[in-house]
Structure formats: structure tokens, C-alpha cells
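# Can you look at this prediction? I've put the sequence above it.
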Amino acid sequence: LNLTVAGVVRDYQYRSLRDKPEPILLQLGKPEQMNQLYVKLTEGQTQAGLQAVESNFRKLIPYQPFSYHFMEDDRLEDYADDARWKQLITDAAGLAILIAGLGLFGLVSLTIEQRTKEIGIRRVLGASVLEISQLLSADFLKLVVLAFLIATPIGWYAARHWLDTFVYRMDLTGWLFGLVGLLAVGIALLTVSFQSVKAALMNPVTSLRSE
């Protein structure tokens, strides 16, 4: 090819972020050969820019109907499946948290009901509300921590596998999983503590008469 170089631009992402930018040649042909133009518009002046582009387009290619679309919209279509998966996972996670919370609440209620007499005896012997709450919470927190230890490697692998499909990606950090773990422990503590404190505040006499 015997072409005159009019300019060189830096690499820019004109395809999906899953693809590495490849060399591209933008050739300015004769007006009768043109059917597509790539134009960069100034941010905040999109409408004025489109009007200017349309005006010049009609001068250069009067026989072609003017239509346009934004590359940003094209790129969003590339990630439509990811957006659907994100929504699906978000909904599933929310439902799982709700079911787990209700299940934990029911399990704590059953455990407290079975240990009502024990709680009353401990209260008579001088145990504080905090001590009883800690006693009842310990076993459940162990289960939450165990579940977190099992789920973390699976979550790490799944996230790593998804991120590896992108050329440009963030790095996974431990604090993100730690934050999720703290959130899980917090939800469990809130659920267990509510029932534990309620049981600990019961009149010991009533507790001892429950069996």
C-alpha cells in the first residue's frame, strides 16, 4: 500500500475489554467510498456535536441516510450476559441470605426452648445477660465461621475464573472476602443475640417452671 500517514493515535479500546487492542488502520477514502465515520465528541456537547457531524456528513455523502450510534452502547451489549448473570447472582444471594437468616432464627428459637431450664439455672447462679448471650452464640458462630471457610475458596476461584476472561481486570484482595465474612458474622450475631438476650431477660422462676 502506498499511503500517506496523516496521524497516529494512542491505543484505544474499540472492542470488548475481553480483547486486547490490535493494530487498526483508519483510512480516509473518497466521499463516494465512505459509508461509516468514527467521530469523538466533546463531553457535555453531544447534541451540538451530532448536529455538526450530520451537517458535514450530508455535504460529504448526500446520497446516504444519516444514522448514528455510540460505541459505548455497542460495548454495553458485549457485557449484556455479564449484567444478566450479575442480577441473577445478586437475587440468588439475597434470597439465600433471607432463607439462611430465617433458618438461623428458627434454629436459635428451638435451641433456646430446649435450654430454657438451663438458662434459668445459670441466671439463678449469677450469670449475666452477656454471659448467657455469649454461651448461646458461640456454637452458632462456629457454624458461620466454618461455612465462611468453606465458601471463601469457592468464591475466590469463581471470581478469579470470571476476571481472567478480561484483558483489563482488577486484582482480588483478601479484604473483600474479609468484609463479606464480617457481614455474615454480623447478621448471625444480630439474629442470635436478639433471641439470646430475650431468653436471658426472662424471669428465672418462669424458666425453671417451663419443664
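Good, I have the coordinates.

# Let's verify the closest residue to L107 other than its chain neighbours: helix, strand, or coil?
Spatial nearest neighbour of L107, chain neighbours left out: F140 (7.6 Å); criterion: C-beta to C-beta, 6 or more residues apart in numbering. Every C-beta, even on glycine, is put in place using the N, C-alpha and C of the backbone. Of the three states, F140 takes helix according to DSSP: H, G, I helix; E, B strand; the rest coil.

# Verify the contact between F140 and A188 for me.
Yes - F140 lies in contact with A188 (C-beta atoms under 8 Å); the separation is 6.1 Å.

# what about the two, which has more around it?
More crowded of F140 and A188, by other C-beta atoms under 10 Å: A188, with 22 against 19.

# For that one, which residues are in contact?
L104, F140, L141, V144 (C-beta atoms under 8 Å, 6 or more residues apart in numbering).

# Show the contacting residues for the third one.
Right, the one you point to is L141. By C-beta under 8 Å, 6+ apart, the residues touching L141 are V185, A188, L189, V192.

# Also the first one?
Applying C-beta under 8 Å, 6+ apart, one finds that L104 lies in contact with F140, A188, T191, V192.

# Which pair in these has the greatest spatial separation?
The distance between the two most remote of these (C-beta to C-beta) is 8.2 Å, for F140 and T191.

# so what sits against both of these two?
With C-beta under 8 Å, 6+ apart as the test, F140 and T191 both reach L104, V108.

# how about low-confidence regions in this structure?
Flagging of the chain using pLDDT under 70 yields the residue ranges 1, 29, 31-35, 203-211.

# So it: which segments form each domain?
1-78, 79-208 (automatic domain parsing).

# which one of those is the most hemmed in?
Mean neighbour count (mean count of other C-beta atoms under 10 Å) peaks for domain 79-208 among the domains of the chain, with a mean of 14.
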